[in-house]
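Student: Have a look at this prediction, sequence included:
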Amino acid sequence: MEALSLISAALTRVVFMALLFFTSHPWPRTEAAKPAQELVKGFEAIPDSTVDSFQTLLADPDGNFSFGFLRVNRTRLSLAVIHRNLSDPVWVSDPTRSASWSGKTRLFFNGSLVITDRSSRVEWSTGTDGDRVVLRNDSNLQVEKTKPSQTVVWQSFDFPSNTLVENQNFTSAMTLVSPNGLYSMRLGNDFIGLYADDSHQMYWKHKALEAKAKIEDGSGPVHIRINPNGYLGMYQRGNTPVDVEAFNSFQRPTTGLLILRLEPDGNLRGYLWDGSQWALNYQAISDTCELPNPCGPYSLCTPGSGCSCIDKQTRPGPGFGGCTHSTQDQSDLCDGAPARFTVLRRNGVEVPFKELREHKTASSSEECEAFCEEKCECWGSVYNNGSGFCYLVNYPIHTMLGVADEGKVGYFKLREGVGKGKRWEVGSTVGIAFVCGTVLVLTVAMGFVGLRVWRRERRVSRILEEDGGLSPGPYKDLGSDSFNSIEMSRR
């Protein structure tokens, strides 16, 4: 026993010393690999099937921006630059195209940054002869030539998608496009314009005030740039702006990052990153009804009241397309054949952003309608009885404005057959429900009556059996004994 005690004590000391060693000398941990700071010739990458959203391939020196594979709709990918605290990318290689998220898609750098799909088809390329790829701390992705001197041969700042960042020049040769592809921002010779691309209609315009400098003919096109002091400046030559569009942070000391984005609803908004969150810092359009299509096709947006439908019978659903007469067909009404359409008319209607639209002069609403009636490309007209102005709508009907003035009359063509299905669906649903309800009530009633008759016949049968096995006959054959038996059976 003494020997066992000595052995036990020795084992205890060994275990204690081992624990002391491991707690005072931890094993070295494997650090996660840091993103590359540059890509050189020979670089190659494929999408990682375990990544759900973004696969980092390159990072800027400060660690705020990353370049890599952005997963789109689960099965597709785009090359993108993202900010670590922004859900949407600040740059996308080609918003109109994407490759598949699979092991057969690869990105490589051979002087050009190239992405190919499973059939080895080139999906996108910088088309350059550079030596390395770097990501600057302002989010600018660059392909550089390092010999004989360092020069930039390609940069993402020259190909913006829907976002501008501080000090990024936006020229008349560039276009911002909303993520859904419906809206765009372009520069004119002295203004910034927002356009609905399906109709080519300008819905917002900001003209240069030329307060500090004048735009000179022959001195080149204008460009715009976000100034860190909190404004969107328009320039022609030098650093003196010909126009200043102030943000909320204008002339306030800030150390954050400013960006400007064209959003899916068509609004142009600025945001400020203050180190902890993104704050709304600018909004080009403040009134919802002034947006290009806030309520959907064949709808009205009334300030203070919201959305409704032109036909007064249906309700706009969530997002676009809630009204009965919504259509995805964007072709003209003739489409190679004689025009076939029905008409909706509504008083108290006005075209949105009318100051940016062309108009005719008409003596009556009937004359205004006649301007549109025979034209295949015209989907409607709005007439102002007060001014005599006639506005033609040469694209499928989007959101109109609801106004109190009944003298403003809207005339809208509806492609024949559109909307009937939904009205039939609603009517048939109500009709079917009514018929089913009626059948159910009748079935229950008939079942109840049948049950009562069956119970009465069973009771009479039992009584007759107790009185000698007489079988029941017609009422006139039942003698007084039968009634006596019934009467006795109730005692």
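Tutor: On my side now, so go ahead.
Student: and Leu333, how many neighbours does it have?
Tutor: Burial of Leu333 is recorded as 20 neighbouring residues (other Cβ atoms under 10 Å). No exception for glycine: its C-beta is placed from N, CA and C like everyone else's.
Student: Three-state assignment for it, please.
Tutor: Under DSSP: H, G, I helix; E, B strand; the rest coil, the three-state class of Leu333 is coil.
Student: List the residues that contact it.
Tutor: Residues counted as contacts of Leu333 (Cβ atoms under 8 Å, 6 or more residues apart in numbering) are Ala339, Arg340, Phe341, Cys376, Glu377, Cys378, Trp379, Lys413, Arg415.
Student: Report the separation between it and Gln201.
Tutor: Between Leu333 and Gln201 the distance is 18 Å, computed by Cβ to Cβ, to the nearest Å.
Student: got it, and Val382?
Tutor: 14 Å.
Student: These two: who's more crowded?
Tutor: More neighbours surround Val382 than the other of Val382 and Gln201, with 27 against 19 (other Cβ under 10 Å).
Student: Please read off the pLDDT at that one from the model.
Tutor: Predicted confidence (pLDDT) for Val382: 98.
Student: for the one 5 residues further on, same thing?
Tutor: pLDDT, Ser387: 95.
Student: what about it, neighbour count?
Tutor: Neighbours around Ser387, by other Cβ under 10 Å: 11.
Student: In terms of helix, strand or coil, where does it fall?
Tutor: coil.
Student: Can you list the low-confidence ranges for this protein?
Tutor: By pLDDT under 70, the weakly predicted segments of the chain are 1-33, 120, 317-322, 324-331, 335-339, 417-491.
Student: Relative to Val133, how far out is the residue positioned nearest the centre of it?
Tutor: Centroid check for the chain by Cα atoms, centre = their mean gives Pro264 as the closest residue, at 5.6 Å. As judged by Cβ to Cβ, Pro264 and Val133 stand 30 Å apart.
Student: Please apply the same query to Asp265.
Tutor: Noted for Asp265: a distance of 34 Å to Val133, by Cβ to Cβ.
Student: Those two: which is more packed in?
Tutor: Per other Cβ under 10 Å, whichever of Asp265 and Val133 has more neighbours is Val133, with 24 against 16.
Student: Which residue, other than its chain neighbours, is closest to the more buried one?
Tutor: Excluding the flanking residues, the one nearest Val133 by Cβ to Cβ, 6 or more residues apart in numbering is Leu39, at 4.0 Å.
Student: In this structure that neighbour contacts Leu79, no?
Tutor: No: counting by Cβ atoms under 8 Å, Leu39 stays clear of Leu79, with 12.0 Å between them.
Student: which residues are common contacts for those two?
Tutor: Residues touching both Leu39 and Leu79 (Cβ under 8 Å, 6+ apart) are Leu113.
Student: hang on, the earlier thing: of the contacts of Leu333, which is the nearest to Leu182?
Tutor: Trp379 (17.3 Å; Cβ to Cβ).
Student: neighbours of that closest one, just the number please.
Tutor: For Trp379, the neighbour count with other Cβ under 10 Å is 24.
Student: backbone phi and psi for it, please?
Tutor: phi -100, psi -10 (degrees, to the nearest 10).
Student: Start and end of stretch 367-379, how far apart?
Tutor: 15 Å (Cα to Cα, to the nearest Å).
Student: Give me the buried stretch members for it, please.
Tutor: Cys368, Glu369, Phe371, Cys372, Lys375, Cys376, Cys378, Trp379 (16 or more other Cβ atoms under 10 Å).
Student: Now tell me what touches that stretch from outside.
Tutor: 332-335, 339, 360, 362, 380-383, 390, 392-397, 409, 411-413.
Student: Just the ones of the residues you listed in strands?
Tutor: Judged by DSSP state E, the contacts of stretch 367-379 include Lys360, Gly380, Ser381, Val382, Tyr383, Cys390, Leu392, Val393, Val409, Tyr411, Phe412, Lys413 as members of strands.
Student: roughly how far apart are the fifth one and Pro297?
Tutor: Tyr383 sits 21 Å away from Pro297, taking Cβ to Cβ as the criterion.
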